[in-house]
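Peer 1: Return atomic coordinates for the entry below.
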Amino acid sequence: MRTLRKALRPAQQARAAANLAGRVAASPMFRSARRVACYIPNDGEIDPRPLMQRMWRMRKLCYLPVLSHLLYDRLWFAPVTPSSTFSPNRYGIPEPVTAPRTWVRAQELDLILVPLVGFDLKGNRLGMGGGFYDRSLAFLRNRRSWNHPKLLGLAHDFQKLDALVPSPWDVPLQGIATDCALYLTV
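Peer 2: Predicted coordinates:
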């Protein structure tokens, strides 16, 4: 999957990102959210930046994941604006340069748009293997109802798999948005 998505030409990636932005923006999950976390694409991931542009026009609050300097295995989410500056984290992924006091935990967000390598229609997600999202969202495994945050995976449609066997620590998604479809799992 990673090889396939990295092989996409820039024009294909741009078209997929534009299609994705329209699909997500039309979803009730997105429309009802005020505080939304995105990500900066890496390793051929589908690009949510056109959607971030829509968020700012809609006056939604946009956040990006940052690696905690205290808990290196957890994500925090930093506010980001069109004028934000960035610095690469230890994996070379750009993070917004903001004071840690402005960061929020996942529990404080309405919607988290999650990158992935593969997914199935039951909301199972294959990530990059670091476990950052699963550890940061582990509190959701113990909830009886999924109020906040809602989790929406973002991917190219070709990343859909017939089935994935979840591990006990995996946190399922409530839906997956691709360049071709919106798959809801709840």
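
Peer 1: hey, let's count contacts and neighbours off CA atoms from now on
Peer 2: OK.

Peer 1: Assign a three-state SS to the residue most central in space within the chain, would you?
Peer 2: By CA atoms, centre = their mean, the mean C-alpha position of the chain lies nearest to Val114, the distance being 2.1 Å. Secondary structure for Val114, judged by DSSP: H, G, I helix; E, B strand; the rest coil, is strand.

Peer 1: State which helix of the chain is the longest.
Peer 2: Using DSSP state H, we find that the single longest helix of the chain is helix 10-25.

Peer 1: List the buried residues in the very next helix or strand once past it.
Peer 2: Next helix or strand after helix 10-25 toward the C-terminus (DSSP states H and E): helix 28-31. Buried residues in helix 28-31, counting neighbours by 16 or more other CA atoms under 10 Å, are found at Met29, Phe30.

Peer 1: One more: stretch 92-109?
Peer 2: By neighbour count with 16+ other CA under 10 Å, stretch 92-109 contains the buried residues Pro94, Glu95, Pro96, Trp103, Val104, Ala106, Leu109.

Peer 1: Going by distance to Ala14, which of those wins?
Peer 2: Ala14 has its nearest neighbour among those in Pro94, at 19.3 Å by CA to CA.
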